[in-house]
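Enquirer: Build me a structure from this.
(one chain, ligands or ions: 1)
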Amino acid sequence: MHDTILEAVGLTKEFKGFTAVKEVNLQVRRGTIHALIGPNGAGKSTVFNLLTKFLPPTAGRILFKGRDITAMRPADVARLGLVRSFQISAVFPHLTVLENVRVALQRHQGTSFHFWKAESSLHALHERATALIEAVNLTPWTGHTAAELPYGRKRALEIATTLALDPEVMLLDEPLAGMGHEDIERTAALIKRVAADRTILMVEHNLSVVAHLSDTITVLRRGEVLAEGPYAVVSRNAEVMEAYMGTGTHGAGHA
Ligand SMILES: Nc1ncnc2c1ncn2[C@@H]1O[C@H](COP(=O)(O)OP(=O)(O)OP(=O)(O)O)[C@@H](O)[C@H]1O
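Expert: Residues are numbered from 1 along each chain as shown. As a prediction, this is how the structure comes out:
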């Protein structure tokens, strides 16, 4: 049994009269990997921005651990444990992998400079950074700058800097987009590993790449929920198949 950790109720977003997201109800269960997919313009990014408070909704509510966060600011939501990857956790191209992860960890501790000044806490910081780098399989890249990393490894570093914030719910915006087959496999395995003790909500364009990764898939079309369930269920849904006609359910890249 999983309880709901993140919930959207009647979530609606209008842009100058155009309804991009219409009365979306979403329940993300604790400890699961939940994917939000849909063809171009389906409203995925808008829902993602609404959930992470980067956009205010026109109507509807967002609940995190039963608490109404609809009116909260992104930074406050992040502090509660709902963290969006790749935005809040910036990666600095000229810092090494180790330095990037250390900066993320120090940020998480806030501006308590005095805490980090102590020799013992600097040691603890290093240990934690090394463990995170190991967790995302970047140990051989520890001394390389972020700019030197191949694309897939860069995304792994971004996941590491997000993990540094120890999020309860991690929101990933197209973590597999633009990757080749090998990177997709590696990153999917990484997402699965880090999901062991947290909840993941990810936006993805293609149904096929989230197939074996997600416990639940919500399919959006024109701002509305078209189908929801495990892959075996949504992939057989006639309307889902139709929505993906032309864009290709099994397409490799991000259109
Ligand atoms: N700031 C905005 N102003 C006006 N319209 C917008 C704005 N943001 C998004 N839209 C419109 O809302 C709809 C949903 O867009 P959104 O980016 O959420 O879709 P998406 O599913 O993420 O698409 P994609 O896969 O192409 O990224 C689109 O028709 C888009 O043009």
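Enquirer: Leaving out sequence neighbours, find the closest residue to D183.
Expert: Among residues not flanking D183 along the chain, G152 sits closest, at 3.1 Å (Cβ to Cβ, 6 or more residues apart in numbering). Backbone N, C-alpha and C define where each C-beta goes, glycine included.
Enquirer: so which strand or helix has the one you found?
Expert: Assigned by DSSP states H and E, G152 falls within helix 151-163.
Enquirer: Same check on D183?
Expert: helix 181-194.
Enquirer: ok, now F54?
Expert: Here F54 is assigned to no helix or strand, by DSSP H and E.
Enquirer: What of the one 3 residues further on?
Expert: Taking DSSP H and E as the criterion, P57 maps to no regular element, lying outside all helices and strands.
Enquirer: give me phi/psi at the residue in the stretch 151-255 of the chain that the ligand sits nearest to?
Expert: Of all residues in the stretch 151-255 of the chain, the one sitting closest to the ligand is H205 (5.3 Å; Cβ to the nearest ligand atom). Note on H205: backbone dihedrals following degrees, to the nearest 10 are phi -80, psi -40.
Enquirer: Burial check on it, number of neighbours?
Expert: By other Cβ atoms under 10 Å, the residues close to H205 number 20.
Enquirer: re the thing from before, quick one: residues in contact with the helix holding D183.
Expert: With contact meaning Cβ atoms under 8 Å, 6 or more residues apart in numbering, helix 181-194 is reached by 33, 135-137, 150-152, 155-156, 159, 163, 170, 172, 175-176, 179, 200, 202, 209, 212-213, 252.
Enquirer: same thing but 6 Å
Expert: Residues outside helix 181-194 that contact it (Cβ atoms under 6 Å, 6 or more residues apart in numbering) are 136, 152, 155, 176, 213.
Enquirer: Give the buried residues for that helix.
Expert: Buried residues in helix 181-194, counted by 16 or more other Cβ atoms under 10 Å: 183-184, 186-188, 190-191, 194.
Enquirer: what's downstream of the helix holding G152, the next helix or strand?
Expert: Counting by DSSP H and E, the next helix or strand C-terminal to helix 151-163 is strand 169-173.
Enquirer: tell me the angle that following strand makes with helix 181-194.
Expert: Angle of strand 169-173 versus helix 181-194, following axes from the mean of the first three to the mean of the last three Cα atoms, to 10 degrees, is 170 degrees.
Enquirer: before we move on, back to that, could I get the buried residues of helix 181-194 in TSV, plus columns for pLDDT and distance to the ligand?
Expert: Below are those laid out as TSV (pLDDT from 0 to 100; distance: Cβ to the nearest ligand atom, whole Å):
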residue	pLDDT	distance to the ligand
D183	83	20
I184	86	17
R186	85	23
T187	87	19
A188	90	19
L190	88	23
I191	91	19
V194	88	23
